[in-house]
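Engineer: pasting the sequence and the predicted model now:
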Amino acid sequence: MFLGVFYYASGLVFMLWVLVTTCFNGNVLPPLSILFIKPFSPHFHERILQWLANLGWGSIIDYVEIVGRVQPVITGNIVSDAAQPAGNKIMVCNHVSASDNVAIFVAARTLGHLGHLRFFAKKELLYVPILGWAAYFLGFIFLKRSWHEDKESVFKTFEQVAGSTTKRNFCLVMYPEGTRVSEKKLAESQEFAKSRGMLVLKHVLVPRVKGLLATFERLRSEIDAVVDITVGYNERGPSGSVRPSLADMLLRRDKVWALHLHVRIIPIASIPTEEAALTEWIFDLFAQKDQLLAGFKKDGRFPGPVKVLPPPNISQALRRAAGYMASATAMLALAALSFRLSASAAGGVLAL
């Protein structure tokens, strides 16, 4: 009982630490860099954003692996391919739980792209205090989930992203299903597939192809590969939700949690260019995911050898956390100094 309360409390402290440090690193430092660094050195500005993302998201991975006892199990051709393309990527993932984002972080760090991640996210995230602004400054693409409404803003963002190889590599993260899988949504998706004469999928939703088609159309020349990620969960809670949940990762330490990822690197040269063929390729991609998840449900793991990951390094984790904390502390000191100078100036004016 006591340990359970202690674990829960320490998890809450970590979450508070993330919010406080992100408040300064994600909401104060980026606009200052935009004002005073980007006009003179856009490349250095992008490197600052990459550094912040690496430290912030890296600290989350460190915590869930070292403290939360999450053990990533990675399979796919990422295991055997010795040399992975080093350029820009599109990441495509099935969507089951908020824990999928942690799986994305793990895959991105394994590929050396953690600081390059830019998510397609719901517009509502933009209005979440602290996290919304941080996501905005890191270059997230916000969607209203209506292509008619989103198209112009997405194309405008693509124009900003295009050519950014000279500044900061990008790794765009997409959940083409558009929402998390649930029994109700899966049934609706299956009815839609039947009405259109499409293959009925049992474990994933019919993907929404317009956003992905537009991404290939505008950014194909900028990317070298698609990273296809399929996430699987062995356990479910009493309510039917998959485990480990974020609460399991951050607040509970009663067991080791396996986080299964099947990761395939697909060279862009092997992906069709014509719209009809590309649409068929996207549907086939999710049919393959459906087969992988059917096998996962039967065997409890994805096929193939498991990538051997280095064990969590506590000293490196502490250095990352210290770096993120030092940056936040510097921003806090700068804000306090600015406030003090402003107050002194205002006092001087009143004295006159």
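Structural biologist: Cool, got the structure.
Engineer: C-alpha from now on. contacts and neighbour counts both.
Structural biologist: OK.
Engineer: give me the element Ala258 is part of.
Structural biologist: Counting by DSSP states H and E, the element that carries Ala258 is strand 257-267.
Engineer: next up, the contacts around His262.
Structural biologist: 74-76, 228-231, 302 (CA atoms under 8 Å, 6 or more residues apart in numbering).
Engineer: separation between it and Gly232?
Structural biologist: Distance, His262 to Gly232, by CA to CA, to the nearest Å: 8 Å.
Engineer: how about Ile282?
Structural biologist: On the measure of CA to CA, Ile282 and Gly232 end up 20 Å apart.
Engineer: and for Pro244?
Structural biologist: Distance of Pro244 to Gly232, computed by CA to CA: 10 Å.
Engineer: can you work out which residues contact both of those two?
Structural biologist: Leu259.
Engineer: so where's the protein uncertain?
Structural biologist: 1-3, 81-85, 145, 147, 163-168, 335, 338-339, 341-352 (pLDDT under 70).
Engineer: at which residues are the strands of it located?
Structural biologist: Counting by DSSP state E, the chain has strands at residues 70-75, 88-93, 117-122, 141-143, 171-174, 223-232, 235-236, 242-243, 257-267.
Engineer: roughly how far is the fourth one from the heart of the chain?
Structural biologist: Computed by CA atoms, centre = their mean, to the nearest Å, the chain-centroid distance of strand 141-143 equals 13 Å.
Engineer: so which elements touch it?
Structural biologist: Packing partners of strand 141-143 (3 or more CA pairs under 8 Å, 6 or more residues apart in numbering; DSSP states H and E): strand 117-122, helix 147-161.
Engineer: distance to Lys210 and mean neighbour count added to these, as TSV?
Structural biologist: Converted to TSV, these look like this (distance: least, CA to CA, whole Å; neighbours: other CA atoms under 10 Å):
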stretch	distance to Lys210	mean neighbour count
strand 117-122	13	20
helix 147-161	7	14
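Engineer: quick one, which of these is nearest to Gly132?
Structural biologist: Nearest to Gly132 among these is strand 117-122; the distance by CA to CA comes to 10.1 Å.
Engineer: tell me what that closest one is packed against?
Structural biologist: The contact analysis (3+ CA pairs under 8 Å, 6+ apart) places strand 117-122 against strand 141-143, strand 171-174.
Engineer: which residues touch the shortest one?
Structural biologist: It refers to strand 141-143. Contacting residues not belonging to strand 141-143 are listed as 118-123, 125-126, 150, 154, 157 [CA under 8 Å, 6+ apart].
Engineer: and that strand, which strands flank it?
Structural biologist: Sheet pairing here is set by DSSP bridges, and for strand 141-143 it gives strand 117-122 (parallel).
Engineer: for the last one, same thing?
Structural biologist: Sheet neighbours of strand 171-174, with direction, are listed as strand 88-93 (parallel), strand 117-122 (parallel) (DSSP bridges).
Engineer: and the angle for the first one with strand 257-267?
Structural biologist: Following axes from the mean of the first three to the mean of the last three CA atoms, to 10 degrees, one obtains 130 degrees for the angle between strand 88-93 and strand 257-267.
Engineer: same question for the last one.
Structural biologist: Orientation check (the same axes, to 10 degrees): strand 117-122 against strand 257-267 gives 100 degrees.
Engineer: can I have strand 117-122 written out in CSV, keeping just the CAs?
Structural biologist: Coordinates of each C-alpha in strand 117-122 appear next as CSV, following Å, rounded to 0.1, in the frame of the first residue of the first chain:
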residue,chain,number,x,y,z
LEU,A,117,9.4,14.7,-34.8
ARG,A,118,6.5,16.8,-36.0
PHE,A,119,3.0,15.4,-35.3
PHE,A,120,-0.2,15.9,-37.1
ALA,A,121,-2.4,16.7,-34.1
LYS,A,122,-6.0,17.7,-33.3
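Engineer: my guess is Phe24 meets Ala328, correct?
Structural biologist: Yes: here Phe24 reaches Ala328: they are 5.1 Å apart, a contact under CA atoms under 8 Å.
Engineer: quick one: stretch 245-254 to chain centroid distance?
Structural biologist: In terms of CA atoms, centre = their mean, the centre of stretch 245-254 is set 19 Å apart from its chain centre.
Engineer: cool, stretch 118-129 as well?
Structural biologist: 12 Å.
Engineer: now do stretch 184-202
Structural biologist: Here stretch 184-202 is found 27 Å from its chain centre; the criterion is CA atoms, centre = their mean.
Engineer: dump it to CSV, keeping only the CA atoms.
Structural biologist: Taking C-alpha atoms only, stretch 184-202 is exported to CSV below (Å, rounded to 0.1, in the frame of the first residue of the first chain):
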residue,chain,number,x,y,z
LYS,A,184,-17.7,1.0,-31.8
LYS,A,185,-15.4,2.8,-34.3
LEU,A,186,-14.1,-0.6,-35.6
ALA,A,187,-17.7,-1.7,-36.3
GLU,A,188,-18.5,1.5,-38.1
SER,A,189,-15.3,1.2,-40.2
GLN,A,190,-16.2,-2.4,-41.1
GLU,A,191,-19.7,-1.3,-42.2
PHE,A,192,-18.2,1.4,-44.3
ALA,A,193,-15.8,-1.1,-45.9
LYS,A,194,-18.6,-3.5,-46.7
SER,A,195,-20.7,-0.7,-48.3
ARG,A,196,-17.8,0.2,-50.6
GLY,A,197,-16.8,-3.4,-51.4
MET,A,198,-13.5,-3.0,-49.6
LEU,A,199,-11.5,-5.5,-47.6
VAL,A,200,-13.0,-5.7,-44.1
LEU,A,201,-10.3,-5.1,-41.5
LYS,A,202,-10.6,-6.7,-38.1
